[in-house]
Each structure stands twice: as structure tokens, then as C-alpha cells.
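**Q** one predicted model, sequence on top.
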Amino acid sequence: MIVTYKDFSKIYKLDILLDNGVIYELKAVKALNNTHKQQLINYLLLTGLKHGKLLNFRSSSVTYEYVSTSLTQKDRYDISVNSELFLELTNKCVDLKNILESLLNEWGAYLDCNLYNEALIHFFGGCQTVIGAVDIVFENRVVGKQKMQLLNNKTVWHVSSINKATESYENNIKLLINHTNINSVQWINFNKNKIVLKTINKK
């Protein structure tokens, strides 16, 4: 399956203005924060521009912040994908891998991992199709529910951007699924331009 940024733009609207190679993003929020900066960096990377400016109109006087990136297109497309420990358990698992690779080929790396995840949800049918509430069981009792992204009733996928303590993070995933009816997690981890796909199975 081949996906393009043009397809995904229908659900990820860029509210930006381009003028002489600078992106101006207009906000009406209580205060600018790192999430707003990261969003603007995504826009810069997707458009190949280097500089942007956040403008916030909610405060009594207009506040602003400059945002820049030094990443080049060459940097962003110099990608390493390690899928040695990824198991193609079903056709949907194969689709997951192929769609991700298409997104990386189209967009490159270094974007917020949530952007890739939103695209995966979109191409698997949207939130209503993909996201389900999974029972959390402890000592044979249901003690809560956790929303997960389902490939089927026994396999889910999870996207993260962990660059330290990945082993500890993986152990937490194992601990979680050991208290559910889920058998496998297809884990996608972004560490700058290094992307790892790994299947984590229930013990």
C-alpha cells in the first residue's frame, strides 16, 4: 500500500501562511508551549523551510516566538529502519510495516512520532475502527480498561519516541499486555533517524 502526504493532508490540516520562506503559525492559546513549537517544526520539516514564527493573539498583547531547524533534507532522509525482530503475524502486520515505510519515504524522519501514528490510524480506518478499550485483568478480575490501537483482537501496535532506557520501556509494555487478552504488541520506536520495529509477545 502506498500512501502520500497529499492523502493524509485531508486529516492533518496545516494552518500556516507561507511568505518568503518563513512559516507564520497563528494561535489563540493561554500560553505558547513546547507542543506548539514541535508542531511548527513538523511544518518546517514537511515544507523544507528553516525558520518559523509562532504568534499568539489570546493574551492582552500579541506574543511571539521564533522557531528554527538546522536539519537538511539529506539528514531527514538518511533513515535506518531495523525490523529484524518484527514478526509478520497477519496481513495487517505486513500492512503496518509497509505503510510506515511509505510514510518514511514520503516524509523522512525527525517529525513528531504522533504524526506518523495519526497517519497509521487514518490508513487503518480511523479512530472508530482502530481504537478499542481493552480489559486490564488482575487476579482474575477486570480492574480497568486501556485504549489500544488494534490490528485484531489479539494484536495491537504502539508508537513511541524513546531514546533512553528502551529495555525498561519494553518491560513495561510486556507487563501491561500480561494483564490483558492481547498476545502481541507491534512496537514502533522513533529515535531521530533510527526507527525500530519489534514484536513484543506475551510471556
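**A** Nice, I can see it. Quick caveat: nothing in here was measured; it's all calculated off a predicted structure. Numbering: from 1, shown residues only.

**Q** wait, what's in contact with residue 73?
**A** Counting by Cβ atoms under 8 Å, 6 or more residues apart in numbering, residue 73 touches 48, 108. C-beta coordinates here come from the backbone N, C-alpha and C atoms, glycine included.

**Q** so how far is residue 128 from it?
**A** 36 Å (Cβ to Cβ, to the nearest Å).

**Q** contact partners of stretch 104-122?
**A** Contacts for stretch 104-122 (Cβ under 8 Å, 6+ apart): 3-5, 8, 11-12, 38-39, 41-42, 45-46, 71, 73, 75-79, 81, 96, 99-100, 103, 127, 130-131, 149, 157, 159-161, 188, 190, 192-193, 195.

**Q** stretch 34-47 now?
**A** 5, 14, 16, 18, 23, 25, 27, 29, 49-52, 54, 65, 67-69, 71, 76, 107-108, 110-112, 115.

**Q** what residues sit buried inside the top strand by length along the chain?
**A** Longest among the strand segments of the chain by residue count, using DSSP state E, is strand 141-152. If you call a residue buried by 16 or more other Cβ atoms under 10 Å, then strand 141-152 has these buried ones: 148-151.

**Q** again, but for stretch 37-45
**A** For stretch 37-45, by 16+ other Cβ under 10 Å, it's 37, 39-45.

**Q** try stretch 51-60
**A** 52-54, 56.

**Q** go on, stretch 67-77?
**A** 67, 69, 71, 75-76.

**Q** average pLDDT across that stretch?
**A** Across stretch 67-77, the average pLDDT comes to 89.
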